[in-house]
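Undergrad: fold the following for me, if possible:
(6 chains)
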Number of protein chains: 4
Amino acid sequence: MTQPTKPAPKTSPIQHRLVPNKGKNAPRKCEQILTSAGQLFLQQGYERTSMSQIAQLAGVSKGSLYNHFENKADLFTAFFEERSRTRLDTLKAVSRTPQPDLRTALIQAASTIITLLIDHEAIGLYRIVVAEANEFPHLADTLWHYGFSRTLSSLTEWFTHKHEAGLLKVDDAAFAAEQFLMMSQTRIVQRTRLSLPVDRSPENINRVASAVADHFLKIYAP
Amino acid sequence: MTQPTKPAPKTSPIQHRLVPNKGKNAPRKCEQILTSAGQLFLQQGYERTSMSQIAQLAGVSKGSLYNHFENKADLFTAFFEERSRTRLDTLKAVSRTPQPDLRTALIQAASTIITLLIDHEAIGLYRIVVAEANEFPHLADTLWHYGFSRTLSSLTEWFTHKHEAGLLKVDDAAFAAEQFLMMSQTRIVQRTRLSLPVDRSPENINRVASAVADHFLKIYAP
Amino acid sequence: MTQPTKPAPKTSPIQHRLVPNKGKNAPRKCEQILTSAGQLFLQQGYERTSMSQIAQLAGVSKGSLYNHFENKADLFTAFFEERSRTRLDTLKAVSRTPQPDLRTALIQAASTIITLLIDHEAIGLYRIVVAEANEFPHLADTLWHYGFSRTLSSLTEWFTHKHEAGLLKVDDAAFAAEQFLMMSQTRIVQRTRLSLPVDRSPENINRVASAVADHFLKIYAP
Amino acid sequence: MTQPTKPAPKTSPIQHRLVPNKGKNAPRKCEQILTSAGQLFLQQGYERTSMSQIAQLAGVSKGSLYNHFENKADLFTAFFEERSRTRLDTLKAVSRTPQPDLRTALIQAASTIITLLIDHEAIGLYRIVVAEANEFPHLADTLWHYGFSRTLSSLTEWFTHKHEAGLLKVDDAAFAAEQFLMMSQTRIVQRTRLSLPVDRSPENINRVASAVADHFLKIYAP
DNA sequence: AATGAATGAGCATTCATTCAT
DNA sequence: AATGAATGAATGCTCATTCAT
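TA: Just a heads-up that it's a prediction; the model follows:
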């Protein structure tokens, strides 16, 4: 390898090509930068992360950063979109797995949501959106678009289907979905976001998820 | 303790911050500084606010800042505690006003919570806590202590009382309180925090509050 | 020699710069670069013009610049020589057009000189020579060689001829030529060079030119 | 002395106070910076001079520069105005010294002008004005205001006086003044500005000055 | 207490130039 | 000949903090 900072060539024929890529190792630099930037942005936020730090962690020169991204804000946005897309992709799959009965399905859905939302990276992304809402208003759009929006659509569709099947009585399925998402954030997610001490064990997650499911059924039982 | 740059012994993370005051206008200076600092911190966050900016807005010299506060982090903490205390004081009054029937009381409580939480300053404080959770972990304690904690106690007490009166069937009043608080944040509060467009009219607040109350009653009706 | 970063032997400071040309559109690239470089150098000066800018304006890659020119200084010199040669060529033609009487001829000569010297590009070249006199001392030689030198020779020859014809009494024709050139720069040229507001209308040019001619005749009338 | 970089206290009760000055050594820092900046700007021009260089030469920290001047452009402007004012002050005194006869006076005036204009610093200031005419258009105004304008007024007044005394026949004294100034720049000044080799000996200056005087008299003799 | 000049480390960004492709 | 990613030094400037007055 002629490139000193890159230990292994990527052989996968399928790769994301967000950046023009002539040689075979061009995308690696870009990914490397994005990965390092992400690590730092998530940990320290936008302002506390310097371009020098990113360059150093990525093992490239400071000038290289500017060959791939116009400026710090651009790099930040690129990182955020990429992470939002790849990270939250799984959220939309909530409720996909078929379950014998509705209650079990709801518990599983709530449980999945909680688990996903207290994931280190999801917390970081949320933190960033809230922190930089004034400076980078479009981050919220991105997070909403790739994150909540899809989850909500998925849940809405699901509830509508159950409504038609007579298993639930949901007049405003969209609001119900939003409410379900919100109720799932009670205690564990909420406190985790504030870095407050909280029991995040699977047992506790399941306990909260069960309560959410039960309460949801009480509200929307036909 | 949790403050990064100042190892000084703080006997309690939450305490009333009083600056020695000899002359008659000494507190003026201090207040002036805190007010200006608050304005800027809430608007731009910790990192983006410089001591020079604060000094300029407060109309004092840069050096003066350091006569009243050890450093930037100390000033920041002082501002945050003062604002949390004075601002969120009202939150604890939720549910105080007596109402003819329970549903109306719940609607009013939810409505008050929503209105308080989407207030410009409350949003700013929340933003700051989330943004600086890594660097200033004690901010969350402060916010919790002065904010949610009291509201939750108040609600818990209320629900317990209603339970004993046979008007509700609440086994875990603390969880119910937390859930009520969370449900109240559906849609309006949640989206406002992300700076997403949302209808914040009194009518819509009331609509959401009513839904919260109805659903809460469905869950906890005896 | 006089070039700061390039020690390469130049047999003469002034020489025709020809770049090897194999294909048919090779000179195109070179010209394109020189044209774009010129545009930028004249507008912004040497330091403020970056190689990236030049490459972008010329529509070539940054690397290409270095295939045609050793470095920035070399490109700058090449541009300056080419422009000096092609631009100031016309200056030598001053006094060529035959006129019925001497006064008319002098007026026309002064008028031509003024018009040429306040031309946008001539001003730019002068500006550059003066600005970079320390860093690129040979620019002055080039400008002198292609510009003033020829004009002065032409004028000197002309005055000598008139002297021999008894129409003028010029003992030091070279000094007279230099003086004529200098007097022609009174007011209009001088102020234009400093970007000061000045009336550059043909009428005013003619007025100044007439004054120059009349005064010149008063000095050197036989 | 408490200040390490300042070897001697200024005791003079009269001093230029362009910058607020509470202590006794505050103005020194400012002067020190201006002096160093001037030295570098005159030598290398605006773009090639860096703030670091200035700070280093002045013996102050880079940050200090920004306590006294808003930015590089501001420092540059301050330097230029101060130099223009103090330097060219003497120019207005041209023609002040009484002389037995007009010719001698004219020679002396021309000689003074030439000597002043080929002074190292005057050349530098002129160079800077021409070089930065696009970026800093107000420099020309400053130079004109403090330099040529006053000289021209002085000469104009002088010529008018001689005209009224019947010693000259000058209809447009202002133009005559401008012409006298321009003629004085023939050869020596002109070439010096372009860094071209030229004989700058007092004898040669006197020779040119005499020619200027004689020719001027031929033009404007009554 | 109050001031504001001084500091020097750090910031984002640009630059001319190189070199493997 | 042409490309454009890579480099690392240098740029103008800001920052929290100190300290003599």
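Undergrad: for the rest of this, base every contact and every neighbour count on C-alpha atoms.
TA: Noted.
Undergrad: packing partners for the biggest helix by length in chain A?
TA: As assigned by DSSP state H, the longest helix anywhere in chain A is helix A:26-48. Helix A:26-48 is packed against helix A:51-58, helix A:72-88, helix A:120-131, helix B:26-48, with contacts defined by 3 or more Cα pairs under 8 Å, 6 or more residues apart in numbering or on different chains; DSSP states H and E.
Undergrad: of all these, which lies closest to A:Phe159?
TA: Closest approach to A:Phe159 among these (Cα to Cα): helix A:72-88, 21.0 Å.
Undergrad: what comes up buried for the helix or strand following the closest one?
TA: Sequence-wise, the next helix or strand downstream of helix A:72-88 (DSSP states H and E) is helix A:102-117. Neighbour-count burial for helix A:102-117, counted by 16 or more other Cα atoms under 10 Å in any protein chain shown, picks out A:103-117.
Undergrad: helices or strands next to helix A:102-117 in the packing?
TA: Partner elements for helix A:102-117 (3+ Cα pairs under 8 Å, 6+ apart): helix A:173-184, helix A:188-193, helix A:202-220.
Undergrad: and those helices as TSV, adding mean neighbour count, mean pLDDT and distance to B:Glu47?
TA: Output for the helices and strands packed on helix A:102-117, formatted as TSV (neighbours: other Cα atoms under 10 Å in any protein chain shown; pLDDT from 0 to 100; distance: least, Cα to Cα, whole Å):
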stretch	mean neighbour count	mean pLDDT	distance to B:Glu47
helix A:173-184	22	95	31
helix A:188-193	20	94	20
helix A:202-220	19	96	35
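Undergrad: out of these, nearest to chain C?
TA: With Cα to the nearest Cα as the measure, helix A:188-193 is the member of the helices and strands packed on helix A:102-117 nearest chain C (45.8 Å).
Undergrad: mind checking how far the closest one is from the chain centre?
TA: 15 Å (Cα atoms, centre = their mean, to the nearest Å).
Undergrad: contacts for it, please.
TA: A:Ile114, A:Leu117, A:Ile118, A:Ile123, A:Arg127, A:Pro197, A:Val198, A:Asp199, A:Arg200, A:Ile205, B:Val130 (Cα atoms under 8 Å, 6 or more residues apart in numbering or on different chains).
Undergrad: what residues sit buried inside the longest helix of chain A?
TA: So, applying 16+ other Cα under 10 Å, buried residues of helix A:26-48: A:27, A:29-46.
Undergrad: starting at the chain centroid, how far to that helix?
TA: With Cα atoms, centre = their mean, you get 16 Å for helix A:26-48.
Undergrad: only C-alpha atoms, please: export it in CSV.
TA: Provided in CSV are the C-alpha atoms of helix A:26-48 (Å, rounded to 0.1, in the frame of the first residue of the first chain):
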residue,chain,number,x,y,z
ALA,A,26,-10.4,7.7,-2.1
PRO,A,27,-13.6,6.8,-0.2
ARG,A,28,-11.6,5.4,2.7
LYS,A,29,-10.1,8.8,3.5
CYS,A,30,-13.5,10.4,3.4
GLU,A,31,-15.0,7.7,5.6
GLN,A,32,-12.1,7.9,7.9
ILE,A,33,-12.6,11.6,8.3
LEU,A,34,-16.4,11.2,8.8
THR,A,35,-15.9,8.4,11.4
SER,A,36,-13.4,10.4,13.4
ALA,A,37,-15.4,13.6,13.2
GLY,A,38,-18.4,11.7,14.3
GLN,A,39,-16.7,10.2,17.3
LEU,A,40,-15.5,13.6,18.4
PHE,A,41,-18.7,15.5,17.6
LEU,A,42,-20.8,13.0,19.5
GLN,A,43,-18.5,13.1,22.5
GLN,A,44,-17.8,16.8,22.8
GLY,A,45,-20.3,18.6,20.6
TYR,A,46,-19.7,20.9,17.7
GLU,A,47,-17.9,23.8,19.3
ARG,A,48,-15.6,21.8,21.5
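Undergrad: and the contacts of helix A:188-193 as JSON lines, adding distance to A:Glu81?
TA: Written out in JSON lines, the entries for the contacts of helix A:188-193 read as follows (distance: Cα to Cα, whole Å):
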{"residue": "A:Ile114", "distance to A:Glu81": "22"}
{"residue": "A:Leu117", "distance to A:Glu81": "17"}
{"residue": "A:Ile118", "distance to A:Glu81": "19"}
{"residue": "A:Ile123", "distance to A:Glu81": "15"}
{"residue": "A:Arg127", "distance to A:Glu81": "15"}
{"residue": "A:Pro197", "distance to A:Glu81": "30"}
{"residue": "A:Val198", "distance to A:Glu81": "29"}
{"residue": "A:Asp199", "distance to A:Glu81": "31"}
{"residue": "A:Arg200", "distance to A:Glu81": "28"}
{"residue": "A:Ile205", "distance to A:Glu81": "29"}
{"residue": "B:Val130", "distance to A:Glu81": "20"}
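Undergrad: any idea how many residues pack against the residue of chain A found nearest chain C?
TA: Residue nearest to chain C within chain A: A:Asn67 (12.3 Å; Cα to the nearest Cα). Neighbours of A:Asn67 under the rule other Cα atoms under 10 Å in any protein chain shown: 10.
Undergrad: for the residue of chain A found nearest chain B, which non-adjacent residue is closest in space?
TA: Closest to chain B within chain A is A:Ala131: 4.6 Å, counting by Cα to the nearest Cα. Distances taken as Cα to Cα, 6 or more residues apart in numbering or on different chains place B:Ala131 nearest to A:Ala131, at 4.6 Å, with adjacent residues excluded.
Undergrad: and the one you found, how many neighbours does it have?
TA: 26.
Undergrad: Three-state assignment for the closest residue to A:Leu167 other than its chain neighbours, please.
TA: Of all residues not flanking A:Leu167 in the chain, A:Pro222 sits nearest, at 6.6 Å (Cα to Cα, 6+ apart). At A:Pro222 the chain is in coil, as set by DSSP: H, G, I helix; E, B strand; the rest coil.
Undergrad: quick one: the helices and strands packed on helix A:26-48 as JSON lines, columns for distance to B:Ser61 too.
TA: Below are the helices and strands packed on helix A:26-48 laid out as JSON lines (distance: least, Cα to Cα, whole Å):
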{"stretch": "helix A:51-58", "distance to B:Ser61": "32"}
{"stretch": "helix A:72-88", "distance to B:Ser61": "32"}
{"stretch": "helix A:120-131", "distance to B:Ser61": "29"}
{"stretch": "helix B:26-48", "distance to B:Ser61": "10"}
